[in-house]
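*Asks:* Sequence and predicted structure, then a few things I'm wondering about:
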Amino acid sequence: MAAAPVMIVDAADPRIAEFREIRERDLTGRQGRFIAEGTVVLRMLAQAHRRGTFAAEKILLLANRAAGVADIVAEFPDDVPVYIAEAETLDGIVGFHLHRGVLALGRKLSPETSLLDRLPEQALVIAGCGISNHDNAGSMFRNAAAFKADAIFLDETSCDPLYRKALRVSVGSVLSVPYERSGSALGLLSGLAERGFDIWTLSPRGTVDIRDIPASPRMALVAGTEGEGLPAEILARFRSARIPQSEGLDSLNVATATGIALFSMASVAKRI
């Protein structure tokens, strides 16, 4: 059972300091802490809290939204404080008019073992290299959840998916799809290859039609940044697939491309 709500009447109250001016700053990168926004993401955080992959630290609600999300809030343990505020006070806290009126402070927990070593014998994963756009990062997680990918691996040059916008675009899937973000792209892919993954890079100049990728127990789809795409050394080292498209069009948005490619690979792997 969740803690009894506490009314906040002063925007400067230190108990809700982490929610202050969230448009101008973000908690990502500060010991894995982040802001979850909206009803759907709050529910996903509650589920992740129960699984032990993320922890909720506190919740802040618009007073007239509290009753509507009471069932979700009740899923959190009573050591997670719940604060409520009227609209004027809440706007003063976050720095802008927040129509959703549902916020939570969360923290990513560190597992004892590497995600690479926790993957099942039959696995489908995405590897993102240089994914710097938060909308694209969030969409990739939503695609991964939709097509039952087991994990997402991001290199150190990719943006943090716990950034508020990426988390919102993912519709909370960042909290449900296991992921790691660290190291170089080549080191990441080498680790996957050592563990028996068939690695397929995604490129408009790929030699294999995405629909012709053969099924295998362990498959990895590799996507690069907008514009530049994947580094030449990666394209030269691993097999490359393409999504057939109209002549004269250079490439698809990485969010769209990963959705199409994952659908195809998940179909081959009999996941959908």
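*Replies:* Okay, I see it.
*Asks:* Show me the strands in this structure, by range?
*Replies:* 6-7, 33-37, 54-62, 82-85, 102-108, 123-129, 151-154, 179-181, 198-202, 208-209, 218-224, 239-242 (DSSP state E).
*Asks:* Turn those strands into CSV, including distance to Ala137, mean pLDDT and mean neighbour count.
*Replies:* For the C-beta atoms, the positions are set from N, CA and C on the backbone; glycine is no exception. Written out in CSV, the entries for the strands of the chain read as follows (distance: least, C-beta to C-beta, whole Å; pLDDT from 0 to 100; neighbours: other C-beta atoms under 10 Å):
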stretch, distance to Ala137, mean pLDDT, mean neighbour count
strand 6-7, 34, 96, 12
strand 33-37, 13, 91, 23
strand 54-62, 17, 96, 22
strand 82-85, 29, 96, 22
strand 102-108, 15, 94, 23
strand 123-129, 7, 97, 25
strand 151-154, 8, 98, 24
strand 179-181, 10, 96, 19
strand 198-202, 16, 96, 22
strand 208-209, 26, 96, 12
strand 218-224, 11, 97, 25
strand 239-242, 21, 95, 18
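*Asks:* Just send the ones you listed back as CSV, with distance to Arg142 too.
*Replies:* CSV is the format used below for those (distance: least, C-beta to C-beta, whole Å):
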stretch, distance to Arg142
strand 6-7, 34
strand 33-37, 15
strand 54-62, 17
strand 82-85, 28
strand 102-108, 18
strand 123-129, 12
strand 151-154, 11
strand 179-181, 13
strand 198-202, 17
strand 208-209, 25
strand 218-224, 14
strand 239-242, 21
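*Asks:* Could you tell me the phi and psi values at the nearest residue to Leu62 once chain neighbours are set aside?
*Replies:* Distances taken as C-beta to C-beta, 6 or more residues apart in numbering put Gly101 closest to Leu62, at 2.8 Å, once the chain neighbours are dropped. Backbone torsions for Gly101, taken as degrees, to the nearest 10, come to phi 70, psi 20.
*Asks:* Tell me the spacing between Gly101 and Val69.
*Replies:* From Gly101 over to Val69 the distance is 9 Å, taken as C-beta to C-beta, to the nearest Å.
*Asks:* ok, now Leu27?
*Replies:* As for Leu27, its distance to Val69 is 21 Å (criterion: C-beta to C-beta).
*Asks:* List the buried residues for the lengthiest helix in the chain?
*Replies:* For the chain, the helix reaching the highest residue count under DSSP state H is reported as helix 254-268. Neighbour-count burial for helix 254-268 flags 254-255, 257-266, 268 (criterion: 16 or more other C-beta atoms under 10 Å).
*Asks:* Same check on stretch 209-218?
*Replies:* By neighbour count on 16+ other C-beta under 10 Å, the buried set for stretch 209-218 is 210, 213, 216, 218.
*Asks:* does the first one really touch Ser240, like I thought?
*Replies:* This means Ile210. No - under the contact definition of C-beta atoms under 8 Å, Ile210 does not touch Ser240, with a separation of 10.3 Å.
*Asks:* Name the residues contacting each of these two.
*Replies:* Counting by C-beta atoms under 8 Å, 6 or more residues apart in numbering, the shared contacts of Ile210 and Ser240 are Leu202.
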